[in-house]
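In: Curious how this folds, go ahead:
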Amino acid sequence: MPNIGPGLGLLTYSTLLPSLITIHYENIDETTSRSPHFQIILFFFALYLVAIAQGGHKPCVQAFGADQFDEEDSEECKAKSSFFNWWYFGLCGGIFISLLILTYIQDYLSWVLGFGIPCMVMVLALVVFLLGTKTYRFSVTGSEETPFVRIGRVFVTAIKNWRTSSVAIANEEEARGAFPDQVSEQFKFLNKALLPLNGAKDYGNMCSIREVNEAKQVLRLVPIWATSLWYALIFSQTSTFFTKQGVTLDKKITPGFTIPPAMLQCIIGVAVVIFIPVYDRIIVPLARVVTQKPAGITMLQRIAVGMVVSTLTMIIAALVEMKRLKTAEEHGLIDLPNVTIPMSIWWMVPQYFLFGVADAFTMVGLQEFFYSQVPNELRSVGLSLYISIFGVGSFISSFLVSAIDNITGGDEKYSWFADNLNRAHLDYFYWLLAGLSLIGVAAFAYFAKSYVYRRENRS
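Out: The predicted structure is shown next:
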């Protein structure tokens, strides 16, 4: 958080420089539109500073907030599950307000205010955060080894003992009095870490059952992380191709009032803000009656529901795009990309709203899952894994678009992503994403079905 404030402050300062430079040139009857190198360097330095700060701030502050709930208390345990709902509610609410207010200020008033207001708000947030220092709960880990060392030793020991027979492992488990539910049957090759290296007599460096189970738990996250990338692939389209679709449509809300297409992203925030209270106060209590689970449904079930809804989003987006292309053809606008198509931008509201509902399921589910399914000391790392899903998903989306553009745009043909959207075929791309998403949902369900949830260490 301390780095975000200076980053926003430098962004604000960088927007002041052009006006100062313009005044200087006007005094000698000369104007210029070129920005000095210093301003460009300062601007990008500030952007990278904010990005680096966000990379540390986002996973850590969320993990710290969830750590304030006592898992030994049944009531606080239930409240902890709701924490992730209301965290994302507040986040989307803030984004919604920012898109409404700051975009207007930046476009019609001043970029200095557009960056200055978030800077002042962040400074105020830091002050409020520091005022509560004496009331926060902190985890005390003692003198134990770091989880990176413990987990790494399990993998190294298992690899070095790769020739060990399964009989020797079974004997070791029996000698330790381990029950089947204490040593998971998944990834049994890691059980070789329970034995001393290559049959040596030194038992001091053997891995414990707890350490082996920790390593297995981290390994179980890999297929869940990988199959969640399909959702991130769809997530990437909401701020790119969805917006490009909106640019071509009639953006009048009322006579004389139009909206920027990018502002439609507010609808995602509105959907989240509406749906999360409904989910937390109505759906979860009803689900608890049926499933007898504190959270109503499991985290993986919640993620899967969101993935299915996101697939429906792409189907609706494809149908809307087909309607847009048909309207352009009927009005002879195929080769007039700069002419507004007589089709209201309201047609795009369902796909944005439905994706907001998907977000309320999957985003919150992923946050809670990667927070709770790693060793306690790695919770901020777990949330970093959650964030990395969307970074990697964005790269995959870029690669997929580039590959399809090269394949479909050869021999002087219009590619699926031609600059003239009336000649392009975003609908084909959306159908492709819907198909890939179905495959992703099936793969996710396969791994989720056999997933073994981590037991909280109550000792």
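
In: What sits closest to residue 263 if chain neighbours are left out?
Out: Nearest residue to residue 263 in three dimensions, chain neighbours excluded: residue 99, at 6.2 Å (C-beta to C-beta, 6 or more residues apart in numbering). C-beta: built from backbone N, CA, C; applies to glycine.

In: Next, count neighbours for that neighbour.
Out: 18 (other C-beta atoms under 10 Å).

In: what's the answer for residue 438, then?
Out: For residue 438, the count of nearby residues is 16 (other C-beta under 10 Å).

In: Phi, psi for it please.
Out: Dihedral pair for residue 438: phi -60, psi -40, per degrees, to the nearest 10.

In: Contact partners for it?
Out: residue 311 (C-beta atoms under 8 Å, 6 or more residues apart in numbering).

In: got a pLDDT number for it?
Out: At residue 438, the model reports a pLDDT of 94.

In: cool, and residue 248?
Out: 88.

In: That one contacts residue 321, correct?
Out: No: with contact defined as C-beta atoms under 8 Å, residue 248 does not count as touching residue 321 (10.2 Å).

In: For residue 239, which three-state class applies?
Out: For residue 239, the secondary structure call by DSSP: H, G, I helix; E, B strand; the rest coil comes out as coil.

In: Excluding sequence neighbours, find me the nearest residue to it.
Out: Leaving aside its chain neighbours, residue 239 sits nearest to residue 265 (6.3 Å; criterion: C-beta to C-beta, 6+ apart).

In: Hmm, that neighbour is touching residue 99, no?
Out: Yes: the criterion here is C-beta under 8 Å, and residue 265 meets it with residue 99 at 6.4 Å.

In: As a check, name the ranges of all strands in the stretch 101-250 of the chain.
Out: Assigned by DSSP state E, counting those that start in this stretch, the strands in the stretch 101-250 of the chain fall at 249-250.

In: Point out where it drops to low pLDDT.
Out: Residue ranges of the stretch 101-250 of the chain with pLDDT under 70: 106-108, 139-145, 165-185, 197-205.

In: any idea where the helices of it begin and end?
Out: Ranges of helices within the stretch 101-250 of the chain are 111-131, 147-160, 166-175, 209-227, 229-235, 241-247, based on DSSP state H, counting those that start in this stretch.

In: what about those helices, which gets the closest to residue 376?
Out: Distance to residue 376, taken as C-beta to C-beta, is lowest for helix 147-160 among the helices of the stretch 101-250 of the chain, at 8.3 Å.

In: what mean pLDDT would you report for stretch 362-380?
Out: Stretch 362-380 carries an average pLDDT of 85.

In: Roughly how far does residue 206 sit from residue 447?
Out: 30 Å (C-beta to C-beta, to the nearest Å).

In: neighbour count winner among those two?
Out: Counted by other C-beta under 10 Å, residue 206 and residue 447 do not tie: residue 206 has more neighbours, with 18 against 15.

In: what's near enough to touch residue 366?
Out: The contact partners of residue 366, taken as C-beta under 8 Å, 6+ apart, are 228, 303, 386, 389.

In: out of those residues, who's nearest residue 213?
Out: residue 386 (21.7 Å).

In: thought that closest one was touching residue 367?
Out: Yes: at 5.7 Å, residue 386 and residue 367 qualify as touching, with contact defined as C-beta under 8 Å.

In: Quick check on the two: which one has the bigger neighbour count.
Out: Remark: of residue 386 and residue 367, residue 367 carries more neighbours, 24 against 21, as counted by other C-beta under 10 Å.

In: How much space separates the more buried one from residue 373?
Out: Taking C-beta to C-beta as the measure, residue 367 falls 11 Å from residue 373.

In: cool, and residue 358?
Out: For residue 358, the distance to residue 373 - C-beta to C-beta - is 21 Å.

In: Comparing those two, which residue is more hemmed in?
Out: Higher neighbour count among residue 358 and residue 373: residue 358, with 26 against 22, using other C-beta under 10 Å.

In: That one belongs to a helix?
Out: Yes: the assignment for residue 358 by three-state DSSP puts it in a helix.

In: please renumber so the chain begins at 12
Out: Done: numbering now begins at 12, and the last item shifts to residue 369.

In: Contacts only, for it.
Out: 242, 317-318, 320-321, 324 are the contacts of residue 369 under C-beta under 8 Å, 6+ apart.

In: neighbours around the residue nearest to residue 161 when sequence neighbours are not counted, how many?
Out: Ranked by C-beta to C-beta, 6+ apart and with sequence neighbours excluded, the top spatial neighbour of residue 161 is residue 222, at 4.8 Å. Using other C-beta under 10 Å, residue 222 is surrounded by 22 other residues.

In: shouldn't residue 222 be in contact with residue 167?
Out: No: in this structure, residue 222 is not within contact of residue 167 by C-beta under 8 Å, at 11.7 Å.

In: Now do the contacts for residue 441.
Out: Applying C-beta under 8 Å, 6+ apart to residue 441 gives the contacts 248, 325-326, 328-329, 332.

In: Looking at those residues, state which has the most neighbours.
Out: Greatest neighbour count in the contacts of residue 441, by other C-beta under 10 Å, goes to residue 328: 29 neighbours.

In: Would you list the phi and psi of that residue?
Out: Here is the backbone geometry of residue 328 (degrees, to the nearest 10): phi -60, psi -40.

In: what's in contact with stretch 309-323?
Out: 235, 239, 241-242, 245-246, 306, 308, 365-366, 368-377, 379-380, 383, 445, 448-449, 451-452, 455-456, 459, 462, 464.

In: Over to stretch 393-413?
Out: 66, 69-71, 73-74, 232, 236, 239-240, 242-244, 246-248, 251, 377-378, 380-385, 428, 440.

In: And what about residue 353, helix, strand or coil?
Out: Residue 353 is classified as strand under three-state DSSP.
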